[in-house]
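K.L.:
when you get a sec, could you give me coordinates for this:
(2 chains)
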Number of protein chains: 2
Amino acid sequence: MKLATLKNGSRDGALIVVSRDLTRYLSAAMVAPTLQAALDNWDFAAPQLAALYQALNDGGAAEARPFDESQCHSPLPRAYQWADGSAYINHVELVRKARNAEVPASFYTDPLMYQGGSDSFVGPRDRIYALSEEWGIDLEAEVAVVTGDVKMGASDADAAKAIRLVMLVNDVSLRNLIPNELAKGFGFFNSKPASAFSPVAVTPDELGAHWTGGKLHLPLTVTLNHQPFGKPNAGEDMTFSFAQLVAHAARTRELCAGTIIGSGTVSNKQGGLHGSSIANGGVGYCCLAEVRMYETIEGGQPATGYLKFGDSVRIEMLDERGASIFGAIDQTVAHYREKG
Amino acid sequence: MKLATLKNGSRDGALIVVSRDLTRYLSAAMVAPTLQAALDNWDFAAPQLAALYQALNDGGAAEARPFDESQCHSPLPRAYQWADGSAYINHVELVRKARNAEVPASFYTDPLMYQGGSDSFVGPRDRIYALSEEWGIDLEAEVAVVTGDVKMGASDADAAKAIRLVMLVNDVSLRNLIPNELAKGFGFFNSKPASAFSPVAVTPDELGAHWTGGKLHLPLTVTLNHQPFGKPNAGEDMTFSFAQLVAHAARTRELCAGTIIGSGTVSNKQGGLHGSSIANGGVGYCCLAEVRMYETIEGGQPATGYLKFGDSVRIEMLDERGASIFGAIDQTVAHYREKG
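P.N.:
Below is the predicted model:
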């Protein structure tokens, strides 16, 4: 099934069930007021939400209303946990190669993961606010899952069973703040502002054969200022499955229902700068940093700039028939003073 | 006023108002079901909670019931954000000295802060669960504040105004997992399991003259296996005030009401190993790592072990008349299999 959260003036929005083709929705208020409430009591809520979804797709729900992605908040407007892996090691390999460093062998067996801020996500059609372009504003197009409760030390198999929903994410990063912050040794904080998630979150069964081995095997489409920028396959070159990422997160502590675990920037292995761009037949990129790393490796320094105020980013995933699965993240960068 | 959260079988517990002397409480259900709900709507909730608090202290609340700290969850059993500073630079100086490294000059002007997991805190009288003693289980006794909404780029003054509540925290750390995890470059994750907070959270005005300059000027009392272990003054040697820590957290993003910001392990500057222990007239320590650093600096290697299953930790703060302000965090370490 497909779930979303409509903005309604409250901090957590209103849970709705969305039709498979993203054209209509039904209120889920009678089942659970919010997505977090549904996740808190999933065994009770899921069958009822599934029944609403069935009625909606069968066309038998007279009270269904037109679905408008632009009225959505992120499925969880705020969450109790957002932890982002870095499962596409190709991205890490390029980062290291650009500064002539080796990737530690452990990176292929022990997932990289950082604890992200989850207190106030941005809606999928809301602006990316910053106080300065000098921060080096970058997108990071990723896939993410939402879990149920997970026990400490859960196996990969148990972690896989705890995956409730799948969605897309734009993990906005402030590249120019990262070097100094990571040098302090405590990981990202100021360099990772609020993320945005796709309008719709879907249950894994909804993805059919595209969801296998705890990975989502479809291209992730990224458009920058209305130009094709990336379309790597999220199922390829993913060193760690979502099951492994969730199990890693739960290694020393329990995870609460509603925990969001990200894949890290999707990145496919490609030859070099020229052939990797979409214009030259490649699958492109899910962040500007990746182009800049190719430029650095081949030309000694980056040539492509980061996002400027007014730039737009669109992230979407289409099924084999070209239909949008999650709806689109579509954001413009703006100065925070414009928020008013 | 003093607020707490009673366990009631739900994930978020029930908000109560506790008398100043921690002997009685009133339900706050008519104002807000949970502490997060009160923080979400603080301007509405705070005056009504204050009225309940007044009635309770005046003895005029016939429906008041006896308060039992052991029935409490952490004030926020789960939160949308927990970010922990490292404001007592003496702790950082000892860490560096123990490995013959310098403290970077920027550490005195740019706060260290990590994003912590906030999805499932432990109750103040609940056990600290781990799967292995080999993880190097340590306590970290700290002070923490809970904020209202904070704008991106807030000044220190605006950040100070956003501080709603003060509480104590045991930021459990898995010392033996830290070196490998920090070497990966993305900060703490597995090495920081669930934290526990004091039974009671108090408004800053409740602390009177002890709360000045955004710091809490009272000794933090730590007992290990019923023996005095630490009593450093939380107002001394704190390089960054809570206002500065909150402003740092908000530098590139908004903070949502209910954000918890920690001080880092409280640590006062002392001469050396011998004179720093309470037995020898010092103020002792708020974590085992600090004793071990003195031991390493003076003897070449640590001698004190980390916590074992069965060990107990008590963290409390007394006012000038010896009365407990926040109630006590009092926890025993146990294997996770005992949770059942």
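
K.L.:
surely A:Val266 meets A:Val143?
P.N.:
Yes - between A:Val266 and A:Val143 a contact is recorded at 6.8 Å, counting by CB atoms under 8 Å. In short, each C-beta sits where N, CA and C put it, glycine included.

K.L.:
who has more neighbours out of these two?
P.N.:
A:Val266 (33 against 25; other CB atoms under 10 Å in any protein chain shown).

K.L.:
what's the separation between the more buried one and chain B?
P.N.:
Separation of A:Val266 from chain B (CB to the nearest CB, to the nearest Å): 18 Å.

K.L.:
equivalent analysis for A:His248, please.
P.N.:
8 Å.

K.L.:
so what's that residue up against?
P.N.:
A:Gly85, A:Asp110, A:Pro111, A:Met113, A:Phe240, B:Asn190 (CB atoms under 8 Å, 6 or more residues apart in numbering or on different chains).

K.L.:
right, and the fifth one touches A:Tyr88 too?
P.N.:
No - at 9.2 Å, A:Phe240 does not count as touching A:Tyr88 under the criterion of CB under 8 Å.

K.L.:
neighbours around the nearest residue to A:Ile137 once chain neighbours are set aside, how many?
P.N.:
Among residues not flanking A:Ile137 along the chain, A:Leu307 sits closest, at 4.2 Å (CB to CB, 6 or more residues apart in numbering or on different chains). Residues lying near A:Leu307 (other CB under 10 Å) number 24.

K.L.:
pop out the phi and psi values for A:Leu307.
P.N.:
Backbone geometry at A:Leu307, expressed as degrees, to the nearest 10, gives phi -70, psi 140.

K.L.:
that one: what's it in contact with?
P.N.:
A:Ile128, A:Glu133, A:Ile137, A:Asp138, A:Leu139, A:Leu288, A:Val313, A:Val333.

K.L.:
next structured bit after whichever strand or helix holds A:Val92?
P.N.:
Here A:Val92 sits within helix A:89-98, counting by DSSP states H and E. Later in the chain than helix A:89-98, the nearest helix or strand by DSSP H and E is strand A:113-116.

K.L.:
all helices of chain A, in order?
P.N.:
A:35-40, A:42-58, A:89-98, A:156-161, A:178-183, A:242-249, A:273-276, A:288-299 (DSSP state H).

K.L.:
give me the number of residues near the residue in chain A that chain B sits nearest to?
P.N.:
Going by CB to the nearest CB, chain B is nearest to A:Gly187 of chain A, at 1.9 Å. Other residues within reach of A:Gly187, judged by other CB under 10 Å, total 24.

K.L.:
please apply the same query to A:Thr203.
P.N.:
The tally of other residues near A:Thr203 (other CB under 10 Å) stands at 19.

K.L.:
test my guess that it contacts A:Val18.
P.N.:
No - using CB under 8 Å, A:Thr203 is not in contact with A:Val18, being 11.9 Å away.

K.L.:
if we can go back for a sec, filter the contacts of A:His248 to the buried ones?
P.N.:
Taking 16 or more other CB atoms under 10 Å in any protein chain shown as the criterion, what is buried in the contacts of A:His248 is A:Gly85, A:Pro111, A:Met113, A:Phe240, B:Asn190.

K.L.:
any idea what the first one is bridged to?
P.N.:
In other words, A:Gly85. Applying DSSP bridges to A:Gly85 gives these bridge partners: A:Met113.

K.L.:
which ones are touching it?
P.N.:
Counted by CB under 8 Å, 6+ apart, A:Gly85 has contacts A:Pro111, A:Leu112, A:Met113, A:Phe240, A:Leu245, A:His248, A:Ile261, A:Gly262, A:Ser263, A:Gly264.

K.L.:
and which of those is nearest A:Leu216?
P.N.:
For the contacts of A:Gly85, the residue nearest A:Leu216 by CB to CB is A:Ser263; the value is 8.4 Å.

K.L.:
could I get the contacting residues of that closest one?
P.N.:
Going by CB under 8 Å, 6+ apart, A:Ser263 touches A:Asp84, A:Gly85, A:Ala87, A:Tyr88, A:Glu142, A:Val143, A:Ala144, A:Ala234, A:Met238, A:Phe242, A:Leu245.

K.L.:
could you pull up phi and psi at it?
P.N.:
Dihedral pair for A:Ser263: phi -90, psi -20, per degrees, to the nearest 10.

K.L.:
check what pLDDT it gets.
P.N.:
At A:Ser263, the predicted lDDT confidence score is 98.

K.L.:
repeat for A:Asp58
P.N.:
pLDDT, A:Asp58: 95.

K.L.:
do the one 10 residues further on as well
P.N.:
If you check A:Asp68, the pLDDT there is 98.

K.L.:
and if you look at A:Val103?
P.N.:
pLDDT for A:Val103: 89.
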